[in-house]
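**Q** take this sequence and fold it.
(2 chains)
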Amino acid sequence: MKIEEIENEIVEEFSNFDDWMDKYSYIIEFGKTLPLIDEKYKTKSNLIEGCQSQVWLNAELEGDKIIFKADSDAIITKGIVGLLIRALSNQTPDDVLNSKLDFVEKIGLKEHLSPTRANGLTAMIKQMKLYALAFKTKMSK
Amino acid sequence: MFDINKIRQDFPILKRTVYNRPLVYFDNAATTQKPQVVIDAISKYYEQDNANIHRGVHYLSQMGTQAYEESRKAVKTFINAEHDYEIIFTRGATESINLVASSFGKKYLKQGDEILLSGMEHHSNIVPWQIICEEKEAKLAVIPITDTGELNLTDIEKRFTDKTKLLAITHVSNALGTINPIKRLIDIAHKYNIPVLIDGAQAVSHLKVDVKELDCDFYCFSGHKVYGPTGIGVLYGKEKLLEEMPPYQGGGEMIRKVTFEKTEYSSLPFKFEAGTPNIADGIALKAALDYVSSIGLFNIALYEAELLHYATNQLLNINGLKIYGTAKEKAAVISFLLENIHPYDAGTILDKLGVAVRTGHHCAQPIMDWYGIPGTIRASFALYNTKEEIDGMIKSLQKVIEMFS
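**A** Numbering: from 1, shown residues only, chains lettered A, B, ... in the order given. Take a look at the predicted model:
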């Protein structure tokens, strides 16, 4: 599936929630069920330090697709990380680079991407795009 | 007479809702809300009195100058300084500390010297010293803290050496609420002729500060943490030290005579106040201090102690909740963690429930490192908070636990 299609799918799923509490309960449950990434990926170089919560992000190229794996020490952050991974992992570098990720705003979680939240998510998206750029450069060589 | 209902009426923001819930504002250690008199003072200045001060001979300029200087006198009285020219207006406690670090450091710090701090300092009482120490090849020495979040005063006298040039220490810990025995530390420091800077940012809204009685050499605080505006702060310094120190920034206001060869600086306090000051907020600071004084810091302290006691007991009833900072002497600040729940997660849900607390490391990372935790949830109270609001927070915390279990 294309990133945009996945984004639409997520927006559709979230439209079922009546209030914020259902939405957050879902994110929390989603965060809890996400597989923890292997300890070997929790390295200092994979660490994106937020002021409040931390995110570990690992990226590998498989064929022409990027496989992202990530984790966070906070569950809500981890749940949102999971949504971002769902949209961006297993996609080509070009698609990752061109993604707008409007869905975060559409499902009402934009506040988590504001710089003041300092949870590592904004830096994580930036890092994902940097990986995409690096892989794209590598592939074109 | 402490009339909480009347006090709450004085703060218009307390009437608002967030996410359709009444606002419970427990982030007072970050900034306090403003009473109507402060808001009015700012508006009145811009509506009726705006002019640049200290220079103009016209009516508005003179009125503005007078109001601004009256505010300085109000600060002098508020902290019981000897002279009003010992009160320097800054942008806030952070700038006050930077001023002393830069200016005092330039004059007195030499290679190998030490600035003595404590393990519970806010970053703003660490980083300015690191910057000047790097320049001067001096270093920081640190008074450690104990498990209860108090200063470890074992062998305290030995921490003052012939290398120590200044003790810079917080009056009240922003992250833990601990009230430090600063009078005792000042007395010890002075025995060795070492000057002392007190970071009073978290103290002035909670307890009566008397710089003469303390005999501290510098005392700093921010207006916005004592019900005043943001962007205005205070550095108190003893006349002798301020006279000896070189200016911090250059510009207008701080000069007596300028030629391209040499500039003569103004006398105190203007030597340290380059450029057009923050006139409106400076004037409104007086309204805030007058407001606090009209209620009385003794009454405020008494009421807040009651809130602290009540909240501590209520919180300890929650299973798995741990309080960080259990000093005997505490201001109305409680830092805590819920078992197996990240502070960011708890803070996010509390926010949705209309409870404004602070989560994270509170700009005091060394303390969090000391406890080996990523951060805490911090509830900090002010004179307008109530036990009912604390009950609301407790209920919200139970909801948080439910959501994450």
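**Q** spatially nearest residue to B:A301, not counting backbone neighbours?
**A** B:L207 (5.5 Å; CB to CB, 6 or more residues apart in numbering or on different chains). C-beta here means a position set from N, CA and C on the backbone, and glycine is covered the same way.
**Q** so does stretch A:91-108 get close to chain B?
**A** No: Stretch A:91-108 is not in contact with chain B by CB under 8 Å from any CB of the partner chain; minimum separation 10.9 Å.
**Q** and that stretch, what's buried?
**A** Going by neighbour count (16 or more other CB atoms under 10 Å in any protein chain shown), the buried part of stretch A:91-108 is A:Q91, A:T92, A:P93, A:D95, A:V96, A:L97, A:S99, A:L101, A:F103, A:V104, A:I107.
**Q** okay, now residue 44: neighbour count?
**A** Because you didn't say which chain, this covers chain A. Counted with other CB atoms under 10 Å in any protein chain shown, the neighbours of A:K44 add up to 7.
**Q** I was thinking of chain B, sorry if that wasn't clear
**A** Neighbours of B:K44 (other CB under 10 Å): 16.
**Q** in contact with it, which residues?
**A** Counting by CB atoms under 8 Å, 6 or more residues apart in numbering or on different chains, B:K44 makes contact with nothing.
**Q** relative to B:A67, how far out is it?
**A** Using CB to CB, to the nearest Å, one gets 10 Å for the distance from B:K44 to B:A67.
**Q** please name the nearest non-neighbouring residue to the residue nearest in space to the middle of chain B.
**A** By CA atoms, centre = their mean, chain B has its centre lying nearest to B:A201, at 1.0 Å. In this structure, B:A201 finds its nearest non-sequential neighbour in B:A93, 4.0 Å apart by CB to CB, 6+ apart.
**Q** work out for me the element B:C133 sits within.
**A** Per DSSP states H and E, B:C133 falls inside helix B:127-136.
**Q** tell me the helix or strand right after that helix.
**A** Past helix B:127-136, the next helix or strand by DSSP H and E is strand B:139-143.
**Q** parallel or antiparallel, which strands does that following strand pair with?
**A** With DSSP bridges as the test, strand B:139-143 is paired with strand B:114-118 (parallel).
**Q** pull the residues that contact the strand it pairs with.
**A** For strand B:114-118, contacts defined as CB under 8 Å, 6+ apart pick out B:109, B:125-126, B:129, B:133, B:138-145, B:151, B:159-161, B:163-170, B:180, B:194.
**Q** out of these, which are buried?
**A** B:109, B:125-126, B:129, B:133, B:138, B:141-143, B:145, B:151, B:159-160, B:164-170, B:180, B:194.
**Q** any idea how far B:L166 is from B:S96?
**A** 14 Å.
**Q** for A:H112, same thing?
**A** Taking CB to CB, one finds A:H112 at 34 Å from B:S96.
**Q** now B:L167: which helix or strand?
**A** Per DSSP H and E, B:L167 falls inside strand B:164-170.
**Q** so what does that strand touch, helix or strand wise?
**A** Here strand B:164-170 touches helix B:93-108, strand B:114-118, helix B:182-191, strand B:196-199, going by 3 or more CB pairs under 8 Å, 6 or more residues apart in numbering or on different chains; DSSP states H and E.
**Q** please identify the buried residues of the longest one?
**A** Buried residues in helix B:93-108, counted by 16+ other CB under 10 Å: B:93-105, B:108.
**Q** would you map the helices across chain B?
**A** Using DSSP state H, the helices of chain B run over B:4-9, B:36-44, B:59-79, B:93-108, B:127-136, B:182-191, B:211-214, B:239-244, B:279-295, B:297-316, B:343-352, B:365-371, B:387-404.
**Q** return the most buried member of these.
**A** helix B:343-352 (a mean of 24; mean count of other CB atoms under 10 Å in any protein chain shown).
**Q** which SS state does the residue nearest to the spatial centre of chain A fall under?
**A** In chain A, the centroid-proximal residue (CA atoms, centre = their mean) is A:L84; its distance is 2.6 Å. Recorded secondary structure, A:L84: helix (DSSP: H, G, I helix; E, B strand; the rest coil).
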